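Participant: sequence first, then the predicted structure:
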Amino acid sequence: MQIPMSSEARRWQEIARDYADEYLQPHEVQAELNDGVLPDEITERNKQRAIELGFTAIDVPKSHGGLELPLEVQVAIWEQLGRVTNALSWCFPEAQSWMFDACSADQLDKYILPMMRGEQKECYAITESGPGSDVAGLEATAVRGGDDYVLNGEKWYVTSGNLAKFFWFQARLPEEDDEALFLVDQGTAGIKIIANPKFSHTYASHHPTYRFENVRVPATQRVGKPGDGMSFTQSWFRHERLMIGARSCGAAARLIEEALAFANERMIDGAPLSEKQAIQFMLADSVTELYASRLMTYEAARSADRGDDVKAQHARCSIVKLYVSEMANRVADRAVQIFGGRGYMRENVAERFYRELRVDRIWEGTSEIQRLIIARSLLKRGLDGI
Ligand SMILES: Cc1cc2nc3c(=O)[nH]c(=O)nc-3n(C[C@H](O)[C@H](O)[C@H](O)COP(=O)(O)OP(=O)(O)OC[C@H]3O[C@@H](n4cnc5c(N)ncnc54)[C@H](O)[C@@H]3O)c2cc1C
């Protein structure tokens with residue numbers, strides 16, 4: 001499927017596709033049947049190759065030794081990595097551009113630049129059980145005590161908590177009438193895992209629940225300046241929502257290709273299954289929705305590269321996240337149907353994506369929350385403001 005794309009995006013698309021095909025995809029079933037975990041030497045090899053290719057530096061400013069690739073190019077990379085199940089592409093850390101606006105020189109040296117080198121790994125502790133989707137209502141607190149802040153709160157679904165070396169911890173500052181992110185090292189006294197539930201997908205990254213009880217961190221671990229509030233977390237949401245769109249496009253493309261190959265091979269009534277119009281309609285609907293999704297995702301990325309108004313960008317990232325994640329779920333459902341019973345086996349890519357893509361309608365803000373953001377943007381700024 002051809003859509004408009006810069007030559008740089010095409011070049012990186014090929015690099016990422018080769019990496020996904022050669023380093024990740026061959027290990028999917030092995031990961032699926034082993035709780036998501038690959039042998040250490042394969043995980044390490046995949047990580048090292050990703051670092052060599054520059055994937056850890058794609059969103060890092062050139063002034064800090066990064067590649068500072070346009071978002072359009074980053075979308076082209078993540079689209080290809082999205083073709084692979086079991087989150088095998090999460091084998092390298094991602095230093096993102098907003099972190100360079102947010103962090104002090106010391107924080108960059110200790111946390112962010114080592115991420116670019118593959119030496120640090122992060123996890124995000126934002127969500128809480130009470131406020132849930134309502135991130136404006138977070139209850140975790142940070143209270144100043146001398147040269148430290150004292151953090152308290154319970155954080156749910158902390159992805160990669162079992163692998164990460166540090167947390168981004170979002171808290172309210174009741175005494176300062178403010179909110180802020182904090183960088184907190186794993187193992188700091190007062191951090192406890194209170195649950196580690198199993199989820200539908202089979203990933204090496206777990207999503208534990210943490211309790212922070214009187215966790216003392218130096219005040220220098222606070223990110224940004226007074227008044228920054230949730231702004232960096234919102235930057236993170238925009239980036240992730242766009243990349244969920246990219247990965248969902250890659251997943252849908254893989255599903256269509258695999259379902260088509262199967263339908264061409266599978267003989268029913270003496271003819272390939274792909275000759276049945278019922279199957280053709282499922283494939284046609286999937287291709288149509290993928291075309292719309294890819295155009296939308298790349299255009300949203302390009303509009304950010306052009307420097308369009310950040311509020312318009314915020315709404316567009318929600319549009320992409322909403323439409324493309326739901327599209328990929330529909331495509332996965334059709335792919336399972338085309339494969340029949342084979343599509344219900346865990347060794348089948350359609351079965352794995354059917355489970356894995358479901359959470360893209362939930363995390364980084366549910367589909368309902370994306371609709372609220374889009375509707376609020378429409379009501380405030382009108383259609384021309386999006
Ligand atoms: C596997 C997994 C990994 C995750 N990883 C992380 C992570 O790394 N870090 C992190 O901080 N969080 C993480 N999350 C949390 C995720 O972002 C939240 O689950 C999500 O934002 C929804 O919050 P909730 O689960 O509390 O649902 P709730 O807020 O309880 O929502 C329940 C239902 O109500 C709907 N709803 C809620 N409010 C409204 C409203 N105002 N109008 C209409 N409908 C509404 C929701 O759409 C949903 O359908 C992860 C979640 C999962 C499942």
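Facilitator: Received, thanks. Residues are numbered from 1 along each chain as shown.

Participant: host element of the nearest residue to Ala142 once chain neighbours are set aside?
Facilitator: Nearest residue to Ala142, sequence neighbours excluded (Cβ to Cβ, 6 or more residues apart in numbering): Ala171, at 4.0 Å. The way it works is simple: take the backbone N, C-alpha and C, and place the C-beta from them, glycine included. For Ala171, the host element (DSSP states H and E) is strand 166-173.

Participant: so what's the closest residue in space to Thr188 that isn't next to it in sequence up against?
Facilitator: Using Cβ to Cβ, 6+ apart and skipping residues adjacent in sequence, the residue nearest Thr188 is Val215, 5.5 Å away. When contacts are counted by Cβ atoms under 8 Å, 6 or more residues apart in numbering, Val215 touches Val150, Leu151, Asn152, Val184, Thr188, Ala189, Gly190, Ile191.

Participant: try it again at 10 Å.
Facilitator: 142, 148-153, 167, 169, 182, 184-185, 188-192 (Cβ atoms under 10 Å, 6 or more residues apart in numbering).

Participant: number of nearby residues for Leu379?
Facilitator: Neighbour count for Leu379, taken as other Cβ atoms under 10 Å: 9.

Participant: just the residues contacting the helix or strand in which it is found, thanks.
Facilitator: Using DSSP H and E, Leu379 maps to helix 367-381. If you take Cβ under 10 Å, 6+ apart as the criterion, helix 367-381 is touched by 132-135, 237, 241, 309, 311-312, 314-323, 325-326, 329, 360-362, 364-366, 383, 385-386.

Participant: again, but for stretch 343-354
Facilitator: Contacts of stretch 343-354 (Cβ under 10 Å, 6+ apart): 25, 28-29, 31-33, 82-86, 200-202, 248, 251-252, 254-255, 257-259, 262, 328-329, 331-339, 341-342, 355-356.

Participant: buried sites along that stretch?
Facilitator: Neighbour-count burial for stretch 343-354 flags Gly343, Asn348, Val349, Ala350, Glu351, Arg352, Phe353, Tyr354 (criterion: 16 or more other Cβ atoms under 10 Å).

Participant: what is the mean pLDDT for it?
Facilitator: For stretch 343-354, mean pLDDT rounds to 98.

Participant: now it, how far from the centre of its chain.
Facilitator: 21 Å (Cα atoms, centre = their mean, to the nearest Å).

Participant: then stretch 9-20?
Facilitator: Its chain's C-alpha centre and that of stretch 9-20 lie 18 Å apart, by Cα atoms, centre = their mean.

Participant: circling back: adjacent strands (with direction) for the helix or strand hosting the residue nearest to Thr188?
Facilitator: Per DSSP H and E: Val215 is located in strand 209-218. Strand pairing for strand 209-218, using DSSP bridges, gives strand 148-155 (antiparallel), strand 191-195 (antiparallel).

Participant: tell me the SS of the residue of the chain found nearest the ligand?
Facilitator: Residue of the chain nearest the ligand, by Cβ to the nearest ligand atom: Gly132 (2.5 Å). Reduced to three states with DSSP: H, G, I helix; E, B strand; the rest coil, the structure at Gly132 is coil.
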